[in-house]
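# The sequence and its predicted three-dimensional model are supplied below.
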Amino acid sequence: MRILVTGGAGFIGSHLCDRLLADGHHVVCLDNFFTGRRENIEHLLHDQRFELIRHDVVEPLFIDVDQIYNLACPASPPHYQYNPVKTVKSNVMGTINMLVLAKRVRARILQASTSEVYGDPTVHPQTESYWGNVNPIGPRSCYDEGKRVAETLMMDYHRQDRVDIRIARIFNTYGTRMLEGDGRVVSNFVVQALRGQELTIYGSGEQSRSFCYVDDLVEGLVRLMATEGRYEPVNLGNPVEFTIKELAERVSRLVGGDVRTVYRPLPQDDPTQRQPDITRARQWLGWEPGIQLEEGLTRTIAWFRERVGRRGGPGIGITASSPATS
Ligand SMILES: NC(=O)c1ccc[n+]([C@@H]2O[C@H](COP(=O)([O-])OP(=O)(O)OC[C@H]3O[C@@H](n4cnc5c(N)ncnc54)[C@H](O)[C@@H]3O)[C@@H](O)[C@H]2O)c1
């Protein structure tokens with residue numbers, strides 16, 4: 001198949017491109033390189049079945065493809081809050097553009113949604129039937145509400161125009177190729193620990209998150225795309241829950257240093273609990289994560305160890321202690 005991956009030069013997108021090529025497909029990777037990096041896909045550029053397009057999903061696109069994975073959107077708070085209007089545009093206009101393309105060429109389209117559609121959840125763990133608790137006017141709203149509208153658009157194009165849609169509600173995912181210093185908690189902790197710095201904990205550290213290794217997530221995305229007749233959202237994440245404090249301890253131990261932490265105030269609207277109920281993914285896709293935190297962190301630390309040593313500074317001008325725990 002000829003498969004379009006928007007946001008294909010990003011963290012998850014580049015792993016997805018690897019996987020789709022390994023499965024024998026032709027991959028068209030589209031990215032505006034806001035948070036994506038050429039080095040994530042450099043190893044694919046020589047492949048005859050790989051095509052790279054520098055394009056912004058906010059602008060229409062017409063190419064012939066069989067499937068579309070729509071991942072184009074900055075995912076970490078410092079990035080999506082950098083230009084919140086653009087974040088909304090990427091989610092709304094970008095999703096419309098990809099749905100128009102899917103409709104025109106009769107491609108199946110999968111939308112990368114997020115656990116953030118649940119906001120600060122009052123139901124725990126979160127099932128897909130929970131409608132969420134989202135602040136519509138806060139600093140995270142451009143992302144949370146943007147993704148909610150993207151889901152609405154997917155369902156409406158499905159009901160109105162019979163577009164063949166899939167919606168993945170992705171929970172915290174981590175792994176190699178995360179941007180150094182982009183404010184996500186795993187990369188923050190790993191980079192700080194490797195530099196021998198104190199690990200910054202926002203709030204009490206008792207807030208919980210579940211962490212899914214990127215290879216597991218990609219497997220879930222591919223299975224969801226392949227499943228027939230399932231149009232409703234599916235949670236994809238690792239249901240094993242850890243507090244931020246526990247994560248800090250594990251990272252410190254694996255890096256090989258003492259646990260040294262510093263506490264900062266919790267950013268506005270930061271959810272206190274986050275854990276996916278993956279019953280639907282188990283039933284519909286026969287999917288569940290197989291890579292435990294210890295193993296995933298070990299791989300991630302090995303990758304960052306090389307980079308932190310090589311570059312000696314955080315990426316793209318956002319410090320490793322930016323206030324975000326998503
Ligand atoms: N990583 C996670 O934990 C997580 C959790 C929930 C949802 N998601 C979703 O998964 C997708 C990928 O996330 P990621 O973690 O790989 O983030 P990322 O920032 O590494 O990747 C996003 C990619 O999209 C590109 N992009 C952004 N805006 C664009 C635009 N307007 N036009 C074209 N390209 C654009 C970026 O340059 C980047 O390559 C996102 O849609 C994100 O919302 C990720």
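Cool, got the structure.
# First-to-last residue distance for stretch 5-14?
The stretch stretch 5-14 measures 9 Å between its terminal residues, going by CA to CA, to the nearest Å.
# residues in contact with that stretch?
The contact list for stretch 5-14 (CB atoms under 8 Å, 6 or more residues apart in numbering) reads 16-17, 20, 27-31, 33, 35-38, 40-41, 52, 57, 68-73, 75, 94, 98, 112, 170, 173, 175, 177-179, 214, 217-218. Backbone N, C-alpha and C define where each C-beta goes, glycine included.
# is any part of that stretch close to the ligand?
Yes: using CB under 6 Å from any ligand atom as the criterion, contacts between stretch 5-14 and the ligand involve 6, 7, 9, 10, 11, 12, 13.
# Determine how far the last residue of stretch 252-264 lies from the first.
The straight-line separation of the ends of stretch 252-264 (CA to CA) is 18 Å.
# pLDDT averaged over it - what is it?
For stretch 252-264, the per-residue pLDDT values average out at 90.
# Can you point out the buried residues in that stretch?
For stretch 252-264, a neighbour-count test (16 or more other CB atoms under 10 Å) marks 252, 254, 255, 261 as buried.
# pretty sure the second one belongs to a strand, no?
No: the assignment for residue 254 is helix, going by DSSP: H, G, I helix; E, B strand; the rest coil, so no strand is present there.
# OK, contacts around it?
Shown in contact with residue 254 (CB under 8 Å, 6+ apart): 294, 297, 298, 301.
# ok, so of those residues, who is nearest residue 141?
The shortest distance between residue 141 and any of those, using CB to CB, involves residue 297 and amounts to 31.1 Å.
# tell me the secondary structure for that closest one?
Assignment for residue 297 (three-state DSSP): helix.
# how far away is the closest residue to it other than its chain neighbours from the ligand?
On the basis of CB to CB, 6 or more residues apart in numbering, the spatially nearest residue to residue 297 that is not a chain neighbour turns out to be residue 254, at 5.4 Å. If you measure residue 254 against the ligand using CB to the nearest ligand atom, to the nearest Å, the figure is 20 Å.
# thinking again about what came up before, report the buried members of the contacts of residue 254.
Those of the contacts of residue 254 that meet the buried threshold are 297, 301, by 16+ other CB under 10 Å.
# ok, the contacts of residue 254 vs residue 136, which is closest?
residue 297 (35.0 Å).
# Run through the residues that contact that closest one.
Residues near residue 297 by CB under 8 Å, 6+ apart: 174, 186, 190, 250, 251, 254.
# Switch the contacts of residue 254 over to CSV; also include pLDDT and distance to the ligand.
As requested, these are arranged in CSV below (pLDDT from 0 to 100; distance: CB to the nearest ligand atom, whole Å):
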residue, pLDDT, distance to the ligand
294, 95, 19
297, 97, 15
298, 97, 19
301, 97, 18
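# how about the contacts of residue 254 in CSV, adding distance to residue 135?
Output for those, formatted as CSV (distance: CB to CB, whole Å):
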residue, distance to residue 135
294, 35
297, 31
298, 36
301, 34
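# near the ligand, which residues of the chain?
6-7, 9-13, 31-36, 56-58, 71-75, 90, 94, 112, 114, 170, 172-173.
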